[in-house]
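Engineer: Quick one: sequence plus predicted model below, questions after.
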Amino acid sequence: MKNLFFIFSLFSFSSFAKTDHPWAQIIKKQGVVKFKDIDVKQDEMIMDKGILETGPKSFVKFKVSQVKNTIILGPNSKMDMVMLHNHKTQKHEHIYTLTNGICRWISGDSKVKDQKINTPHAAIGVRGTDYYLSTNDLLGETEIIVFDGQVNFESKLTDKDEKLISKNQWGGVGGRFGNKIGKILNLDQKVIETFKSILPIE
């Protein structure tokens with residue numbers, strides 16, 4: 001009876017751990033996708049810290065259900081992720097850093113505050129928005145195209161340098177664009193649709 005109770009408790013704790021905190025769940029993948037150099041599986045949950053990476057002609061789509069974020073990581077891309085929960089403080093730490101390649105971020109809940117994604121060159125504060133992010137470690141630069149909503153685009157290369165980028169706008173920093181964020185460009189709808197098609201939501 002004690003063994004049965006122990007097994008039930010273990011199962012309950014495992015279920016709680018998997019569902020009660022905003023873990024990243026793999027909902028779609030194609031080609032070579034690895035986390036910490038191990039192949040990821042459909043519906044797998046990321047509950048650790050490490051590098052999520054994709055191979056050529058590969059992509060992965062994952063969702064953080066409690067905060068309703070969906071992130072798509074494109075081909076030949078790397079994202080340094082921290083998905084940890086401190087049971088003593090009951091605080092969850094989720095940090096995303098796109099170190100190379102491309103991704104698309106779709107926020108599903110505008111009420112969730114202080115969401116952020118980083119690159120080596122920029123910090124992007126997001127709320128209720130959809131955007132395409134590209135970073136190149138060889139050129140040392142980051143670009144962003146906002147499809148919906150607004151993002152706060154902050155340079156890590158120059159102190160006190162940030163700009164608000166709105167729907168259908170482009171911004172860039174580092175490499176060819178310089179250490180300060182340059183002029184924010186308005187893009188026409190054809191260009192926007194082209195970039196949306198690179199990493200479609202569905």
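Structural biologist: Nice, I can see it.
Engineer: At which residues are the helices of the protein located?
Structural biologist: All helices of the chain, identified by DSSP state H, fall at 2-19, 189-198.
Engineer: rank those by pLDDT, which is bottom?
Structural biologist: Ranked on mean pLDDT, the bottom entry among the helices of the chain is helix 2-19, at a mean of 41.
Engineer: hey, which strand is longest across this protein?
Structural biologist: strand 91-107 (DSSP state E).
Engineer: quick one: it to helix 189-198, angle?
Structural biologist: Using axes from the mean of the first three to the mean of the last three Cα atoms, to 10 degrees, the direction of strand 91-107 lies 130 degrees away from that of helix 189-198.
Engineer: Which strands or helices does strand 91-107 pack on?
Structural biologist: Under the contact criterion of 3 or more Cβ pairs under 8 Å, 6 or more residues apart in numbering; DSSP states H and E, strand 91-107 touches strand 69-73, strand 78-86, strand 115-118, strand 122-136. Just so you know, the C-beta spots here come from the backbone N, C-alpha and C atoms, and that holds for glycine as well.
Engineer: Tell me the strands beside that strand, with direction?
Structural biologist: strand 69-73 (antiparallel), strand 78-86 (antiparallel), strand 115-118 (parallel), strand 122-136 (antiparallel) (DSSP bridges).
Engineer: For that strand, buried residues please.
Structural biologist: Buried residues in strand 91-107, counted by 16 or more other Cβ atoms under 10 Å: 92, 94, 96-98, 100-107.
Engineer: Which residue in these has the weakest pLDDT?
Structural biologist: For those, the pLDDT minimum is H92, 75.
Engineer: That one against V67, yeah?
Structural biologist: No: counting by Cβ atoms under 8 Å, H92 sits too far from V67 to count as a contact (9.4 Å).
Engineer: pLDDT below threshold where in the chain?
Structural biologist: For the chain, the stretches flagged by pLDDT under 70 are 1-22, 90, 109-114.
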